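>>> Sequence plus predicted model, see below.
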Amino acid sequence: MQNVISEDANEPKRAEDQKQKIRFTKSSNDQFYTELTKRVNRYFKDNNISKQANGEMIFKTILILGVFVISYVLIISNLFNVWVLIPLAIINGFFTALIGLNIAHDAMHGAYSSNERVNNGLATAFNIIGANDFTWRISHNLIHHTFTNIPDHDSDIDQIPIIRLNPNQDLWKIHRFQYLYTFFFYSLTSLSWVFIKDYALFFGPKIAAYQKQPFPKKEIAKLFAFKAIYYTLFLVVPMITISLPWYAILLGFLLLHIVEGLTLALIFQLAHIVEGTDFPRPDQQGSMENSWAVHQMYTTADFARKSPLANFLFGGLNFQIEHHLFPKICHTHYRKLSPIVQATAKEYNLPFIEHTTFLGAIKSHMKVLKQLGAA
């Protein structure tokens, strides 16, 4: 990434109009992460297991990719009427989101395998479903994971102006209703990725608030090549093979993305914009109050940790605290690591924010949206 975003230590270069640089405090609370890392490493050593993908992860990969491919083939087979195609589109949209949450996400973090060729190969799935792995590694892996919930730095809490996701954002009158209408915009998340967001990141002057250098030409070529493949597979081929009016096929395409977008947006937002999480700001010199690891404990939340279904479907993102602290560990290990993290946080008098159920986390997210939208 150093050829794309200029870095100073662990930090991208701020754009000229926002020059403040972030520095995390080096203090005694660094001992928390040192001790936690020792305990996590001991867990893997004592159990003689790898930090990368295990049998569960390989099974999930085969299942998710299999359902995605089969549902797509059935859709374009022209064997079914519209009442069968609708649930097939919903299934395909949901499993498209699962590819991103489970397979591509781990691969792009380098957590799926110790072999980078395997990680890069699986990350290609992200491009095939219409997104772009190159921009994701920058905006998510580098920027979001470093500056979690810091207003004007973390692009995940600084989206379109009509949604107010942090207290530093301009407050509009319409925001008082955002806890009701925001979910509509969440449903457009993947459509934005496919048609707008990636192009804006490639050809805009900056990513989030950080100045970027020109992207490599091979990445630009890859962007257009994979976008063309996606448009062909999900728009052109259905138009040719399915005996329905063009507008019906477009509606099916829209339905697919509503399911995909809502799934993706909800899972990510429930990890940072819920009750208990903070939006820390740097002082005038750009220094944060805590070390990076302690900062994650104040800005990140888990949810539905004891739900087998959530653990299987959500790519470990319901264990978001564990993921932010150890992004290079495959998510299928987080369930066992979570008690270690929770106990260590308690020893160091640090918060461990969690919501016990998925619906409880949604309710908490809506409450925070309502609070952020209030005058």
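Happy to help now that I have it.
>>> and for the longest helix belonging to the chain, what are the contacting residues?
Secondary structure of the chain read by DSSP state H shows that its longest helix is helix 246-269. For helix 246-269, the external contacting residues (CB atoms under 8 Å, 6 or more residues apart in numbering) are 75, 82, 85-86, 89-90, 92-94, 96-98, 100-101, 156, 165, 183, 186-192, 194, 234-235, 238-239, 242, 314-315, 317-318, 362, 365. For every residue, glycine as well, the C-beta is placed using N, CA and C.
>>> which parts of it are buried?
249, 252-253, 255-269 (16 or more other CB atoms under 10 Å).
>>> right, and the helix or strand after it?
Moving toward the C-terminus from helix 246-269, the next helix or strand (DSSP states H and E) is helix 292-299.
>>> Could you give me the buried positions within stretch 227-239?
227, 230, 234, 238.
>>> Would you tell me what helix or strand the second one is located in?
Read it as residue 230. Going by DSSP H and E, residue 230 is part of helix 217-231.
>>> And that helix, how far out from the chain middle?
Mean-position distance between helix 217-231 and its chain equals 21 Å (CA atoms, centre = their mean, to the nearest Å).
>>> before we move on, what about stretch 95-102?
Relative to its chain's centre, stretch 95-102 lies at 11 Å (CA atoms, centre = their mean).
>>> likewise stretch 34-53?
Averaged C-alpha coordinates place stretch 34-53 at 24 Å from its chain's average position (CA atoms, centre = their mean).
>>> likewise stretch 341-355?
23 Å.
>>> Tell me which residues are up against it.
Defining contact as CB under 8 Å, 6+ apart, one finds that stretch 341-355 is touched by 29, 31-32, 35-36, 39-40, 270, 274-277, 294, 297-298, 300-305, 321-322, 325, 361, 364.
>>> can you give me the strands for this structure?
Ranges of strands in the chain, per DSSP state E, are 7-8, 11-12, 206-207, 210-211, 301-303, 353-355.
>>> Mind telling me which of the ones you listed the model trusts least?
Mean pLDDT per stretch puts strand 7-8 lowest among these, at a mean of 36.
>>> Give me the neighbour count for residue 58.
Neighbour count for residue 58, taken as other CB atoms under 10 Å: 12.
>>> From residue 119, how far off is it?
Separation of residue 58 from residue 119 (CB to CB, to the nearest Å): 14 Å.
>>> Spatially central residue for this protein, please.
With distances taken as CA atoms, centre = their mean, the residue of the chain nearest its centroid is residue 268 (5.3 Å).
>>> Let's see the pLDDT reported for that one.
Turning to residue 268, the model gives it a pLDDT of 92.
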